[in-house]
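Chemist: What follows is a predicted structure for the sequence shown.
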Amino acid sequence: MRLLIVEDDQQFASVLATQLARHGMVGDVVPSLRQAEQALASHEYRVMLLDRQLPDGEGADFVPRARAIRPGLPIVILTAKSEISERIDGLDSGADDYLTKPFSTDELLARLRAILRRPTQVVIQTIRIGNVRYSSDDREVWVDGEKLTLPRRQLLVLEALLMRHGRTVSRAALLESVYGLDEHLESNALEAHVSKLRRALAESGAGIKIHVLRGLGYMVQEIRQESAGPGRQ
């Protein structure tokens, strides 16, 4: 899951992104509303974490602009202001939730889960393909009832493919799901993750396979539905 973190306190933002990464999430950090607007126009995000006081404006005032770019985007306002009137203003701006700093990572994660469970959000809670089950709520993969533990990058790759199973996912789209804006990327890093993931799935007895479609991207399908199409590995 990819999130946009709009926060000008670099140390706080870095710690927050690191904590989220430990839970399998990719957090893109931008320090201003202008850069947030550019990021929203260029990338897909599941949630935006928005500080209230930013160098170029008030975070709550940015909520309608963000929704104009990404309708339905869940937004959580983060702030050091704890007054009830401030919370009311933040929620009245259209934000989905309001969290006062400092806060625990566990509380933030719980609030994110609650937001993404709301019926107004199009979120697939559980995906089942053959003997493989993936839960987007707890981010766990199960094969024949046995939990399959994967490194973070491989889990992000599998999540992105399962969310679009049966469809081709371009290399660019997969990279966007797995890496943040400021992360250094080796030229063949994605291919290495896909290769290791394919091996892990095969060794676990998973009834799915990741196909490499030359020049197009990647696709995950149930093994019994395989067909020898051109360019498919």
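Modeler: Perfect, I can see it now.
Chemist: When you work out contacts or count neighbours from here on, use the C-alpha atoms and nothing else.
Modeler: Noted.
Chemist: Spatially, which residue comes closest to Glu140, not counting chain neighbours?
Modeler: Nearest residue to Glu140, sequence neighbours excluded (CA to CA, 6 or more residues apart in numbering): Tyr134, at 5.8 Å.
Chemist: Surely the one you found touches Thr126?
Modeler: Yes. Under the criterion of CA atoms under 8 Å, Tyr134 makes contact with Thr126 at 5.6 Å.
Chemist: neighbour count winner among these two?
Modeler: Under the neighbour definition other CA atoms under 10 Å, Tyr134 and Thr126 were set side by side, and Tyr134 has more, 23 against 15.
Chemist: quick one: secondary structure of the more buried one?
Modeler: What DSSP: H, G, I helix; E, B strand; the rest coil gives for Tyr134 is strand.
Chemist: buried ones in stretch 47-65?
Modeler: Neighbour-count burial for stretch 47-65, counted by 16 or more other CA atoms under 10 Å, picks out 47-54, 59-60, 62-63.
Chemist: Stretch 62-77 now?
Modeler: For stretch 62-77, burial by neighbour count (16+ other CA under 10 Å) applies to 62-63, 66-67, 70, 73-77.
Chemist: Out of those, which sit inside helices?
Modeler: 62-63, 66-67 (DSSP state H).
Chemist: which one of these sits closest to Leu162?
Modeler: The closest of those to Leu162 turns out to be Arg67 (CA to CA; 26.7 Å).
Chemist: Quick one: residues contacting the closest one.
Modeler: Residues near Arg67 by CA atoms under 8 Å, 6 or more residues apart in numbering: Leu73.
Chemist: Residues touching stretch 192-206, excluding its own?
Modeler: By CA under 8 Å, 6+ apart, stretch 192-206 touches 131-132, 143-144, 148, 153-154, 157-158, 208-210.
Chemist: Using CSV, list the CA coordinates for it.
Modeler: Coordinates of each C-alpha in stretch 192-206 appear next as CSV, following Å, rounded to 0.1, in the frame of the first residue of the first chain:
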residue,chain,number,x,y,z
ALA,A,192,15.3,-9.7,-9.0
HIS,A,193,12.3,-9.3,-6.6
VAL,A,194,9.9,-10.9,-9.1
SER,A,195,12.4,-13.8,-9.7
LYS,A,196,12.7,-14.5,-6.0
LEU,A,197,8.9,-14.2,-5.5
ARG,A,198,8.2,-16.7,-8.3
ARG,A,199,10.6,-19.1,-6.7
ALA,A,200,9.0,-18.7,-3.3
LEU,A,201,5.6,-19.3,-4.7
ALA,A,202,6.7,-22.4,-6.5
GLU,A,203,8.5,-23.8,-3.4
SER,A,204,5.4,-23.2,-1.2
GLY,A,205,3.1,-25.1,-3.6
ALA,A,206,1.1,-22.0,-4.5
